[in-house]
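Chemist: sharing a model prediction with you, sequence too.
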Amino acid sequence: MDRSSRANVSIKLSALDFNVDAIDHENVVARLVRGAAADPRCARRSGTAITFDMEQHALKDIPWPYSARCCEQVDVDAGVAYRPI
């Protein structure tokens with residue numbers, strides 16, 4: 001499928017886990033990976049790209065490790081959207 005014509009889904013991390021904590025980001029990333037394991041597989045099957053959305057600057061250490069772990073499990077087109085300070 002042509003990259004310009006496929007769907008791109010933006011996932012807000014707070015929608016996956018209501019307790020996203022900037023201080024405990026390793027455990028948050030582990031919880032997010034366990035809880036959202038189906039998302040990358042569904043995206044891969046449908047040819048959809050995923051953007052993991054950082055909603056707050058305080059959570060800046062969470063989206064990259066989370067997207068990296070998801071992409072380790074499933075070969076999917078993924079990116080991270082950061083908000084300015």
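Modeler: Yep, that arrived.
Chemist: so for the helix or strand hosting A15, what's the average pLDDT?
Modeler: Element membership for A15 (DSSP states H and E) is helix 13-16. With pLDDT averaged residue by residue, helix 13-16 scores 77.
Chemist: using CSV, write out every CA atom in that helix.
Modeler: Extracted C-alpha coordinates of helix 13-16, given in CSV (Å, rounded to 0.1, in the frame of the first residue of the first chain):
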residue,chain,number,x,y,z
LEU,A,13,-0.9,7.0,26.0
SER,A,14,-3.3,8.2,28.8
ALA,A,15,-6.0,6.4,26.9
LEU,A,16,-4.2,3.1,27.3
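Chemist: the helix or strand just after that helix: which residues count as buried?
Modeler: Reading on from helix 13-16 to the C-terminus, the next helix or strand found by DSSP H and E is helix 25-35. Buried residues in helix 25-35, counted by 16 or more other C-beta atoms under 10 Å: H25, V28, V29, R31, L32, V33. (C-beta placed from N, C-alpha, C; glycine too.)
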